[in-house]
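Novice: no sequence for this one, just the structure:
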């Protein structure tokens, strides 16, 4: 099965492998320690939504990127210790 991607700027089809990439995402705790690591294989951006660039505002800007991927591997850090669930008060 051949996977093709439409290149809008040139109006032609191209191989999926020219655009696919591997990525690694890490979830950190407040101390900068790794909690979870996600390795995404053969990623492809489906949508990119930037925030408005209002340089006069003091708020933090954000960019939303939606990725499609063919495979994922999740690793949990050996240092990860979830907070204990508190016992109900009686």
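Specialist: The structure has been received and is ready for your questions. None of the values given here were measured: they were computed from a predicted structure.
Novice: how about the strands in this protein?
Specialist: For the chain, strands defined by DSSP state E occupy the ranges 4-7, 12-15, 21-28, 34-50, 63-68, 71-76.
Novice: now the fourth one and strand 21-28, what's the angle there?
Specialist: Right, the one you point to is strand 34-50. On the basis of axes from the mean of the first three to the mean of the last three CA atoms, to 10 degrees, strand 34-50 is oriented at 120 degrees to strand 21-28.
Novice: going forward, the N-terminal residue is numbered 52.
Specialist: Done: numbering now begins at 52, and the last item shifts to strand 85-101.
Novice: tell me the buried residues in strand 85-101?
Specialist: Buried residues in strand 85-101, counting neighbours by 16 or more other CB atoms under 10 Å, are found at 91, 93-94. For every residue, glycine as well, the C-beta is placed using N, CA and C.
Novice: for those, which one is nearest residue 75?
Specialist: residue 91 (7.5 Å; CB to CB).
Novice: name the nearest residue to the closest one, sequence neighbours excluded.
Specialist: residue 120 (4.2 Å; CB to CB, 6 or more residues apart in numbering).
Novice: give the contact list for that neighbour.
Specialist: 74, 91-95 (CB atoms under 8 Å, 6 or more residues apart in numbering).
Novice: what's the spacing between it and residue 80?
Specialist: Plainly put, residue 120 is 25 Å away from residue 80 if you go by CB to CB, to the nearest Å.
Novice: and what of residue 72?
Specialist: When distance is defined by CB to CB, residue 72 is 27 Å away from residue 80.
Novice: equivalent analysis for residue 121, please.
Specialist: 29 Å.
Novice: if we can go back for a sec, so which of the strands of the chain is nearest residue 108?
Specialist: Using CB to CB, the nearest of those to residue 108 is strand 85-101, at 14.5 Å.
Novice: the inter-axis angle of the closest one versus strand 114-119?
Specialist: Relative orientation of strand 85-101 and strand 114-119, computed by the same axes, to 10 degrees: 100 degrees.
Novice: partners of strand 85-101, with directions?
Specialist: Here strand 85-101 is paired, per DSSP bridges, with strand 72-79 (antiparallel), strand 114-119 (antiparallel), strand 122-127 (antiparallel).
Novice: I am finished for the moment; much appreciated.
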